[in-house]
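Undergrad: Build the 3D model from these lines:
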Amino acid sequence: QVQLVESGGGLVQAGGSLRLSCVDSGRTFSNYAMGWFRQGPGKEREFVGAITSRGDRTSYAESVKGRFTISRANTQNTVYLQMNTLKPDDTAVYYCARSRSSVILHNNPTAYMDWGQGTQVTVSS
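TA: Model (predicted):
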C-alpha cells in the first residue's frame, strides 16, 4: 500500500525556519515527481512547490518563491521542504503528494494521485 508520511512540522516564530520531510514507503519513489501543498484555516488547498523525479527542476508558488526550497533524496525515498523566513500567513497543514508524471510540475491537486496525512505548521507573529 502506498504511504507518504510527513514530519517536521511545529510551532515557530515569524522569521524562523522549518524543514519538512516526506518519506515514501510505497511505489518506486524515483519514478515520480513530488509536490507540496498546504491548506490554511478556512482556505482551499494550495500549491507550494514541486520537484521532478530526478530532482533537476523545481517549481514554486509565487508566495513562497525565494523562501522555500524543495529537494529530494531518491536513495532515501524522501522529499524535503526547507522553509525559511516564515510568516504567519504560512500557517497551514502541509501535505506531500505523488504526481502522475515524472517531469511535469503540476500545480493542480488533481494531477497528484497519492497524498500524505499532513503535518501542521504554525507561525506566530
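
Undergrad: Neighbours of the residue lying closest to residue 37 once chain neighbours are set aside, how many?
TA: Spatially, and ignoring its direct neighbours in sequence, residue 37 is nearest to residue 95 (4.8 Å; CB to CB, 6 or more residues apart in numbering). Backbone N, C-alpha and C define where each C-beta goes, glycine included. By the criterion of other CB atoms under 10 Å, residue 95 has 23 neighbours.

Undergrad: surely residue 95 meets residue 38?
TA: Yes - checked against CB atoms under 8 Å, the pair residue 95 and residue 38 is within contact range at 7.0 Å.

Undergrad: what's the overlap in contacts for the two?
TA: Common neighbours of residue 95 and residue 38 (criterion: CB atoms under 8 Å, 6 or more residues apart in numbering): residue 45.

Undergrad: show me where the chain has strands.
TA: Along the chain, the stretches classed as strands by DSSP state E are 4-7, 10-13, 18-24, 34-39, 46-51, 58-60, 68-73, 78-83, 92-99, 112-115, 119-124.

Undergrad: partner strands of the shortest one, parallel or antiparallel?
TA: Looking back up the chat, that one is strand 58-60. strand 46-51 (antiparallel) (DSSP bridges).
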